[in-house]
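**Student:** Turn this into a structure:
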Amino acid sequence: MAADQQFTPQYVDLGLPSGTLWATSNVGADKPEGLGDYFAWGETNPKTVYEWSSYAYMNDAKMDGRDGAKKGPDWFNVNKYTFDDQLKGAIWYSGVTFVGDNKKNLEAIDDVAAANWGGDWAMPTADDWNELISNSYIAHTDNYSGKSGWIVYKAKAEADKGKTDGTPSASYSTADTHIFLPAAGYRNASASIQNASECSYWSSSLSEYNTQNAQSFEIDSRKGARVEITSSRDYGKTVRPVCPRSGNTNGNDAVDLGLPSGKMWATSNVGAKAPQAAGDYYMWGMTTKSKTYAFTAYKHMLPGWEKILKKENVNKFKNYIFINKYQIPDENNSGGSWFKWNGNSWQFLGDGKKTLDAADDAAAANWGGKWRMPTQKDWEELNKNCYGVWTENYNGTGVNGWVFYKAKTKANKNKRAYKGQTPLASYSLSDTHIFLPASGKWQDNISDRGKKCYYWLSNLGRTESRGANGISIGPKSSDFAGEGGGSRFMGYTVRPVLDKSNANTPIPQVKAPKYYKITIVQPENGTIESKNENLDLSKPVKEGTKLTFWARPAAGYLKYSETWKGTPCDENGTFIVTGDATVTCKFKPKNAPAQTVTTTTTTAETEKATASEKTETTKKKKNGFFRSLLGK
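**Tutor:** Numbering: from 1, shown residues only. Model (predicted):
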C-alpha cells in the first residue's frame, strides 16, 4: 500500500501497567500483516539507500578527511542526538570537551509516528518495548493472514507475562486481544531486506553507550524478544507507534475497589508521589496550599471584611460570618453575612451551595480530567463495601494509616481490624487496595500526624456554613462513629475519585489527515513519470506530501525553461500537496528557432497611428517655418 494513504490508525489496549495503547499496524501499512515502510533512526521518510552517506543528521563534510570533516568512521560526523560517550574523535567533541546537544530521545519533528500519523501517536521508547515484553505473552506464527511474525497477546495469566513461545498457562487464539508484529527484518545500504525472518523495530531512544547507535526491539526464534542497544542509526527499520491512554486520569493511578457505583479511588493524595506520602494540605474550597491555615488566608471571604471586623468590633472568634460562598441557612448563625434583618426576622440571602464547584475542588483543579473530591456518599460507599485494616508500617515505609481492601466476600464488607486486632490472613498488600496515610491536619500547626487521617469531602456541613464534611478517622472503632470534618479554615489532605467509565475510556487523539486527488495529464511529445516510488498516485494523496516528477521528452524534443510553467510544479518538477492538482508539462522541438515577440495591431490601431504620425509631421513643419522667420 502507498504509505498512509486514506488510512486511520487503530489501537489495542493490552492491559499494560502504564496504560499505553499499541497500534495494530506499522507506519506505511494499512493492515496488521503489512510490513510498511523502513526508516533510518530520526528520519521521517522512507528511502532506497540506508547508509551514513544518505543519513539526514550529518555535517556537510560527511566523508573522511574532506573539507575539515573528522577523520575516522563516517558516523563521527553525526550532528544531532549526541551525548558524552567519550568518542572524542567525533564532531560532538572539541578536543576533549563535549560540545554536542545531549539529546537522547527523538523530538516530535523527528519521530516517524508523530510526523506521519499526528495526534498523540509516537514511536515507543525503549521502556515501552520493555514493558510490552515483560507484560505480554508472545508467540511465533508462520501464517497470520499468510505472513510470518509474532503475535503479542494480552496475558491471561501472571505466569505467561514475559514469556516468548513455550507453553503458556492459559490458552490463546487470535480471537483474544493482541497485536501482530510481522517479520520485516531491516535494510542497510541499498541491499534488499536483511534477516527477513526476524522483527526489527525502532524505539525513540538513543543508545545508552554510544551516539551512533539507537535502541531497537528485536525478536527471533534464537534469542527471543529483547531490546538491543547497538542498532546503527543509518539502518532502515520498521516502526510500530504507540499512544498514551490519555483518558480522563491525566497520568494519575486509580483503583477499582469493586464498589457498587463503579467509583474508582486514586492511589495517592493530591500533591503526593507515593501512596504513603501526605501530599499537600488545603483549606476547604481552596485549590492551592497555604502558608497559614486560618480565616485570614481564606479565599471565600467578604471583600473588606478586615475593616468591618475592626469597625464593628466583631468577636474575632466569629470571623466565619464573613464567608461569602457556600452558604446555607444555618441554625445558629443568623448573624452571618448571608443573612439580613428585615425588621421582623433574619432573611437568608446566601447562595445555598452545598457542593464545591469544579473551580474550587482541589482534585479537579490540580489533577484535571474527570477527577474530583469525594462526596459524603462516596466515603460511606467505600467504608461500607471494603475491608479496612489499621497499619503502623505500611509496606515497610513506617507510615501509619488505614488500608481499605476490595472485599473478597460479602461477609468482609464494612468490617475493620482496628489497632491491636489481627487482620484476616486472607488479605495482603498484593490484593487490590488503597492506603490512606494518617497525615494529621494543619491549623496553627500540624497535629495528629501518625494518629489520624484527615480528608476533605466536597460537601458543606449539614448544619453550619462555617464547617465542611470530611473524613477524620484514627485507629479506634469510635473514630468511625458519626461524621468527620470541621472548620473549613483547617488544612486537610485530599484523595480524589472518578467514575470507572471515565478511568477506563481511552481517548487517544488520532489525526485524520486530508487527502487529495492528483491527476497526471500526459503531454504531447513526451511523458511524465513519478519519482515517488512509495506512492500510488491512482489513490488520493495525503496533504503535505512532497511529490516529484520526471519530465521525459520524446525523441526530437527538449525540456526548456517553460516545461513546468502553468503547473503546480517548480522548475524541478516538485510541489507540496495542498489540494487537488493536475500535473502536466510541455516540450519544445530540438533546434527550434529562438522565439521572437511579434506585435499584431488592428486596422483601427493602424489608422490611429497614421493620424498621429501626420499630426507630428505637421507640428515639425510649423516649427521649422517659425524658426526661419526668427532667423534661428
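**Student:** N116 - how many residues pack around it?
**Tutor:** Counted with other C-beta atoms under 10 Å, the neighbours of N116 add up to 23. (Each C-beta comes from the backbone N, C-alpha and C, glycine too.)
**Student:** Show me the contact partners of the one helix or strand it maps to.
**Tutor:** Using DSSP states H and E, N116 sits within helix 112-117. Contact partners of helix 112-117, identified using C-beta atoms under 8 Å, 6 or more residues apart in numbering, comprise 3-4, 9, 23, 27-28, 39, 43-44, 108-109, 121-123, 202, 239, 241-242, 510-511.
**Student:** do that again at 6 Å, thanks
**Tutor:** 4, 9, 27, 39, 44, 108, 121-123, 239, 241 (C-beta atoms under 6 Å, 6 or more residues apart in numbering).
**Student:** Next, format those residues as TSV and append distance to S216, pLDDT and secondary structure.
**Tutor:** Below are these laid out as TSV (distance: C-beta to C-beta, whole Å; pLDDT from 0 to 100; DSSP: H, G, I helix; E, B strand; the rest coil):
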residue	distance to S216	pLDDT	secondary structure
D4	22	48	coil
P9	21	75	coil
V27	15	92	coil
F39	11	96	strand
T44	17	93	coil
A108	19	89	helix
W121	18	86	coil
A122	16	91	strand
M123	11	96	coil
V239	10	97	coil
P241	15	94	coil
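**Student:** Just give me the closest of those to Y515.
**Tutor:** The closest of the contacts of helix 112-117 to Y515 turns out to be D4 (C-beta to C-beta; 9.3 Å).
**Student:** Check the gap between N116 and A266 for me.
**Tutor:** 36 Å (C-beta to C-beta, to the nearest Å).
**Student:** K161 is in contact with V152, isn't it?
**Tutor:** No. The pair K161 / V152 is not scored as a contact, 11.6 Å apart, by C-beta atoms under 6 Å.
**Student:** So between the two, which is more surrounded?
**Tutor:** Higher neighbour count among K161 and V152: V152, with 25 against 16, using other C-beta under 10 Å.
**Student:** before we move on, what SS does the more buried one have?
**Tutor:** strand (DSSP: H, G, I helix; E, B strand; the rest coil).
**Student:** wait, it sits on T177?
**Tutor:** No. Contact between V152 and T177 fails when scored by C-beta under 6 Å: they sit 9.7 Å apart.
**Student:** can you tell me how far the closest residue to A170 other than its chain neighbours sits from S171?
**Tutor:** The shortest distance from A170 to any non-neighbouring residue, by C-beta to C-beta, 6 or more residues apart in numbering, is to K156 (3.7 Å). Going from K156 to S171 by C-beta to C-beta gives 8 Å.
**Student:** who has more neighbours, the two?
**Tutor:** Set K156 next to S171 and count neighbours by other C-beta under 10 Å: K156 wins out with 17 against 8.
**Student:** in the stretch 51-200 of the chain, which spans are strands?
**Tutor:** In the stretch 51-200 of the chain, the segments counted as strands under DSSP state E, counting those that start in this stretch are 93-94, 97-98, 136-144, 147-154, 163-164, 178-182, 199-206.
**Student:** Quick check: I179 vs S136, distance?
**Tutor:** Taking C-beta to C-beta, one finds I179 at 9 Å from S136.
**Student:** Please say which of these two ends up with more neighbours.
**Tutor:** Higher neighbour count among I179 and S136: S136, with 26 against 21, using other C-beta under 10 Å.
**Student:** if I pick A417, what's in contact with it?
**Tutor:** Contacts for A417 (C-beta under 6 Å, 6+ apart) come out as 389, 423.
**Student:** what is it paired to in the beta sheet?
**Tutor:** Under DSSP bridges, the beta-bridge partners of A417 are V389.
**Student:** what do you get for R226?
**Tutor:** Residues in beta-bridge contact with R226 (DSSP bridges): E218.
**Student:** wait, I138 sits on I151?
**Tutor:** No. In this structure, I138 is not within contact of I151 by C-beta under 6 Å, at 7.1 Å.
**Student:** what about the stretch 451-600 of the chain, any weak spots by pLDDT?
**Tutor:** 462, 482, 501-513, 534, 592-600 (pLDDT under 70).
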